[in-house]
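Engineer: Output the structure for:
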Amino acid sequence: PPEPNGYLHIGHAKSICLNFGLGLKYGGKTNLRFDLAQGESILRDCFRILQPGGRLRLVVPDGERIIRTYLENPAELVARRGTGSHFAIDAVNSYFRQRYEHQYIYDWKLLENQLTSAGFTEVKRVGFRQGLQSQPIMLDDAKYEWESLYVEAVKPGHPSVSA
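Structural biologist: Numbers count the residues shown, from 1 in each chain. As a prediction, the model looks like this:
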């Protein structure tokens, strides 16, 4: 999968579309892997290229929910993740590392802060298939509902009207 190291450019965009398209067509999945600094850069680029009034919907593993469940009900975490291990910490690692597909795990407060810092407004935590941009998207799958953090944000301004 693409790992943008600087400005998001057309090559990254083509690769993202190709990877997600093939994943959808053949029942696979695509994960964008980036660390915290790369994530901040990507959010700034999304803000830069969106038209005023444009919306961004993010679906990421919910770090806060996973950690809270580990601390309060480790057996539930083991049952939900199904790693084949009876150790809750293996389930935590499975969520956070996912075969090294994630390099950073977010919670609501951090993601809200990053989106606001990038310039987005109306940053809201939403639920599975809820919110302004609630049409099904590739990663908005019912099997990920419990473990996912859903966030939407808007680039300020009014959408441009073409004549």
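
Engineer: quick one: the strands in the chain?
Structural biologist: In order along the chain, the chain carries the following strands (DSSP state E): 55-61, 121-126, 148-154.

Engineer: Can I get these in CSV including mean neighbour count and distance to Ile49?
Structural biologist: The C-beta positions use only the backbone N, C-alpha and C, and glycine is treated the same way. Written out in CSV, the entries for the strands of the chain read as follows (neighbours: other C-beta atoms under 10 Å; distance: least, C-beta to C-beta, whole Å):
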stretch, mean neighbour count, distance to Ile49
strand 55-61, 18, 10
strand 121-126, 14, 17
strand 148-154, 22, 14
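
Engineer: Now render these as CSV, adding distance to Ala142 and mean pLDDT.
Structural biologist: CSV is the format used below for these (distance: least, C-beta to C-beta, whole Å; pLDDT from 0 to 100):
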stretch, distance to Ala142, mean pLDDT
strand 55-61, 12, 84
strand 121-126, 15, 92
strand 148-154, 10, 90
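
Engineer: among those strands, which is nearest Phe96?
Structural biologist: Proximity of the strands of the chain to Phe96 was assessed by C-beta to C-beta; the nearest stretch is strand 55-61, lying at 7.1 Å.

Engineer: quick revisit: nearest to Gln38, of the strands of the chain?
Structural biologist: For the strands of the chain, proximity to Gln38 was assessed by C-beta to C-beta; strand 55-61 is nearest, at 13.6 Å.
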